[in-house]
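K.L.:
next one to model:
(chains A, B, C and D)
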There are 2 protein chains.
Amino acid sequence: MMKYKELGLKMTPQRLSIISFLEGNKDHPTAEDIYKKISKKFPTISLATVYKTLETLKRHGVINEITIDPNRRHFDPNLQRHHHLICSRCRKIADLDIDFDLVLPEDTRKGFDIIGNHVEFYGLCIDCKKK
Amino acid sequence: MMKYKELGLKMTPQRLSIISFLEGNKDHPTAEDIYKKISKKFPTISLATVYKTLETLKRHGVINEITIDPNRRHFDPNLQRHHHLICSRCRKIADLDIDFDLVLPEDTRKGFDIIGNHVEFYGLCIDCKKK
DNA sequence: GTTACTGCAAAGCTTTTGCATCCCT
DNA sequence: AGGGATGCAAAAGCTTTGCAGTAAC
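P.N.:
Numbering: from 1, shown residues only, chains lettered A, B, ... in the order given. Okay, the predicted model is just below:
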């Protein structure tokens, strides 16, 4: 918890509750998801605060934003390089516990300096298969 | 061009002009990009028509939507399986002319039936490197 | 003649911003 | 005390929808 203060972030109750909700979370929640959850124990929090806090945490490299859902933003406290499984039907996002060694030959890079990569697998999740 | 009529799509001048703009396009345009371009030769077209047409084309499998930019939707007439290069700075999206043989071991699939995958490489494009 | 498409305006959603107040440090 | 954080409401984007008129088939 110390690391946040070292970043110059003020530890307000709202912020603490967002951080503790995110820590270890593997559900890739949206701002709305977080707001709904936090509201239960913290009825006065506003959605704007959630957005602002997420932006702040993202800017300080505490969380990542994942661009996987065209309809809303999802956030991921897992900073380790990892890939995702996405359900084409219900849009559920799961972490993948496997990495790939992807090398881009020089002549396919189109002049880009490569920083990283991300792999998404699409499919039907276990719940959606049943339906 | 015949294929569109076979899909039951009416070939209006607006639609033809959107289709011909998209055919062979490798820029992954947004609805706004398309609207701006088409407007020049077709001043009466509306943005709503562009959106509706894109939705129709997508539903008929004529184009794909790509989820790569959190701020707006991009469309891609290239239906062939392919991956992308994304500039972290200017958000430019380029096609990758290389495929990967990615196999997900059974025990990493979390019960998903896998349909496909998509790889994104992040980096700095040739123009942004100069700055 | 049907049926689908167009274009306008209005509405819908998610996300951002302005600002006065509050409260961590 | 100072500066960032909160929360409200308003605004800003992007995208969708309703509907009357129009055009493709």
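K.L.:
which positions in chain A make contact with DNA strand C?
P.N.:
A:5, A:10-13, A:30-32, A:47-48, A:51-52, A:55, A:71-73 (Cβ under 7 Å from any atom of the strand). Placement of C-beta: from N, CA and C, glycine included.
K.L.:
try 10 Å this time
P.N.:
Counting by Cβ under 10 Å from any atom of the strand, chain A comes close to DNA strand C at A:1, A:4-5, A:8-16, A:30-33, A:35, A:44, A:46-52, A:54-55, A:58, A:65, A:69-75.
K.L.:
bridged to residue A:83, which residues?
P.N.:
residue A:96 (DSSP bridges).
K.L.:
show me what contacts it?
P.N.:
A:95, A:96, A:98, A:99, A:100, A:118, A:119, A:120, A:121 (Cβ atoms under 8 Å, 6 or more residues apart in numbering or on different chains).
K.L.:
now tabulate these in JSON lines and tack on secondary structure, distance to residue A:39 and pLDDT.
P.N.:
Shown next, in JSON lines, are the contacts of residue A:83 (DSSP: H, G, I helix; E, B strand; the rest coil; distance: Cβ to Cβ, whole Å; pLDDT from 0 to 100):
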{"residue": "A:95", "secondary structure": "strand", "distance to residue A:39": "26", "pLDDT": "95"}
{"residue": "A:96", "secondary structure": "strand", "distance to residue A:39": "31", "pLDDT": "95"}
{"residue": "A:98", "secondary structure": "coil", "distance to residue A:39": "36", "pLDDT": "94"}
{"residue": "A:99", "secondary structure": "coil", "distance to residue A:39": "37", "pLDDT": "94"}
{"residue": "A:100", "secondary structure": "coil", "distance to residue A:39": "39", "pLDDT": "94"}
{"residue": "A:118", "secondary structure": "strand", "distance to residue A:39": "31", "pLDDT": "95"}
{"residue": "A:119", "secondary structure": "strand", "distance to residue A:39": "35", "pLDDT": "96"}
{"residue": "A:120", "secondary structure": "strand", "distance to residue A:39": "31", "pLDDT": "95"}
{"residue": "A:121", "secondary structure": "strand", "distance to residue A:39": "33", "pLDDT": "96"}
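K.L.:
which PyMOL command selects the buried ones in these?
P.N.:
Those of the contacts of residue A:83 that count as buried under 16 or more other Cβ atoms under 10 Å in any protein chain shown are selected in PyMOL with:
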select buried, chain A and resi 95+96+98+100+118+119+120+121
